[in-house]
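# What would the 3D arrangement of this be:
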Amino acid sequence: MENKIKAVIIDDSAFMRKAISIMLEDDDVIEVVGTAKNGLEGYEMVKSLSPDVVTLDIEMPVMDGLTALEKIMKDCPTSVLMVSSLTTEGAESTMRALELGAVDFIPKELSYVNVNIINIKDELVRKVKAIVQQRSFRNRLRAAQSKSPGLMGDKVATRRGKLPKSDYNAVALGVSTGGPMSLQKVIPRIRKDIKQPIFIVQHMPPKFTKSLADRLDNLSEVHVKEAEHGEIIKAATVYIAPGGSHMTFKKSGSGVTIILSDTPSDTLHRPSVDVMMNSAIDIYGKKMLGIIMTGMGKDGLEGISRLKKLGGYCLAQNEESCVVYGMPRAIVDNNYADAVTPLESIADVVNEVL
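Sure, this is the predicted structure:
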């Protein structure tokens, strides 16, 4: 097949190389063109084979994954998925990898006796296809070789539409694939004197959201934290929903309280953007500003639809700056976006209207 997606797998575990190869090649659109057992071998392979996508382990002999990633992004920029251990240390290393240019990650805990293997396989294949088929992102990767570092740094398109300056009482933001590195272009640039809380759902496992929140907090003027059950919401604070828990809200005598739970249990994602947004709308009504950024699928569409019917406003990230133009596309295609904005301009828009 002429237009197959070409993949390289870099992992020191023979089992992992075989497992990922089997999962990817079970889809007739994907072809594994090479496997490497350490970062140095993998880097040389990526340079020579120019694959469309790479899966990259972090802990490896000869050359570790982070070093290999830096060299790949400098010399032969490619869409890289990290293979990450679901531990605190693994989460911190993964956050560093996403800063260096990796677009996403898959869990390392793969086993063919695991009843969840089919879910892991489906998610891996979906991510590979969605990332590689996002033409604008692939173009930026290719252009990165001849430009200065920072793959997401260019203002690739102008804003469309305009948000009114309104009396917003809260901001609710949904993001998925490509979110961690994209959020680092937004949250650190939010001015510290805003009066509103910002609620974020980023599709991630437990531990990863804590590491993301800590990293963003170190970079930002506003306070960023992983949300805790029962805490009272404060102004100029960014709350990131913990992986594995829905974040909702309830009014209390002293203000608004965060509620974390595992219900509803039938959502595709936990945390869910729709669950968070619908609960925020229950509290703030049309005075909640909705923002939808890069990600697969359409999580957030239901919440934004309800917000628009109440007379509220929504900002969507534009296609050209998305890693995957799925969630924002659902908003734009349904004519729910009052403004469509490049990644680099989202913080500017927020600062202007709050």
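
# which residue ranges form the strands in the stretch 201-350 of the chain?
223-226, 237-240, 246-252, 255-261, 288-292, 313-317, 339-341 (DSSP state E, counting those that start in this stretch).

# same deal with the stretch 1-150 of the chain?
Using DSSP E, counting those that start in this stretch, strands in the stretch 1-150 of the chain cover 5-10, 30-36, 53-57, 79-84, 104-107.

# Make JSON lines from the ones you listed and add mean neighbour count to it.
To be clear about C-beta, it is placed using only N, CA and C from the backbone, and glycine gets the same treatment. What follows is these, written out as JSON lines (neighbours: other C-beta atoms under 10 Å):
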{"stretch": "strand 5-10", "mean neighbour count": "24"}
{"stretch": "strand 30-36", "mean neighbour count": "19"}
{"stretch": "strand 53-57", "mean neighbour count": "26"}
{"stretch": "strand 79-84", "mean neighbour count": "25"}
{"stretch": "strand 104-107", "mean neighbour count": "23"}
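
# export those strands to a markdown table and tack on distance to residue 318 and mean pLDDT?
Shown next, in a markdown table, are these (distance: least, C-beta to C-beta, whole Å; pLDDT from 0 to 100):
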| stretch | distance to residue 318 | mean pLDDT |
| --- | --- | --- |
| strand 5-10 | 25 | 96 |
| strand 30-36 | 28 | 96 |
| strand 53-57 | 23 | 95 |
| strand 79-84 | 19 | 91 |
| strand 104-107 | 20 | 87 |
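
# between the strands of the stretch 201-350 of the chain, which one is nearest to residue 333?
Residue 333 lies closest to strand 313-317 among these, at 10.1 Å (C-beta to C-beta).

# so residue 332 touches residue 340, yeah?
Yes: here residue 332 reaches residue 340: they are 6.1 Å apart, a contact under C-beta atoms under 8 Å.

# what residues are shared contacts of these two?
residue 316 (C-beta atoms under 8 Å, 6 or more residues apart in numbering).

# got the contact list for residue 20?
9, 11, 32, 55, 83, 110, 124.

# mind redoing it with 10 Å?
7, 9-11, 13, 32, 35, 55, 57, 81, 83, 106, 110, 120-121, 124 (C-beta atoms under 10 Å, 6 or more residues apart in numbering).

# Check the gap between residue 199 and residue 290 for me.
Here the distance between residue 199 and residue 290 works out to 10 Å (C-beta to C-beta, to the nearest Å).

# same thing with residue 316?
According to C-beta to C-beta, residue 316 and residue 290 sit 9 Å apart.

# same deal with residue 299?
Taken as C-beta to C-beta, the span from residue 299 to residue 290 is 12 Å.

# what touches both of those two?
174, 273, 277.

# hmm, back to that, out of the strands of the stretch 1-150 of the chain, nearest to residue 183?
From those, taking C-beta to C-beta, the stretch that ends up closest is strand 104-107, at 13.2 Å.

# Show me what that closest one packs onto, helices and strands only.
strand 53-57, strand 79-84, helix 88-100, helix 117-133, helix 179-183 (3 or more C-beta pairs under 10 Å, 6 or more residues apart in numbering; DSSP states H and E).

# strands paired with it, and their directions?
strand 79-84 (parallel) (DSSP bridges).

# okay, the angle between the partner strand and helix 117-133?
Angle, strand 79-84 to helix 117-133, by axes from the mean of the first three to the mean of the last three C-alpha atoms, to 10 degrees: 150 degrees.

# the inter-axis angle of strand 79-84 versus helix 88-100?
Using the same axes, to 10 degrees: strand 79-84 against helix 88-100 is 170 degrees.
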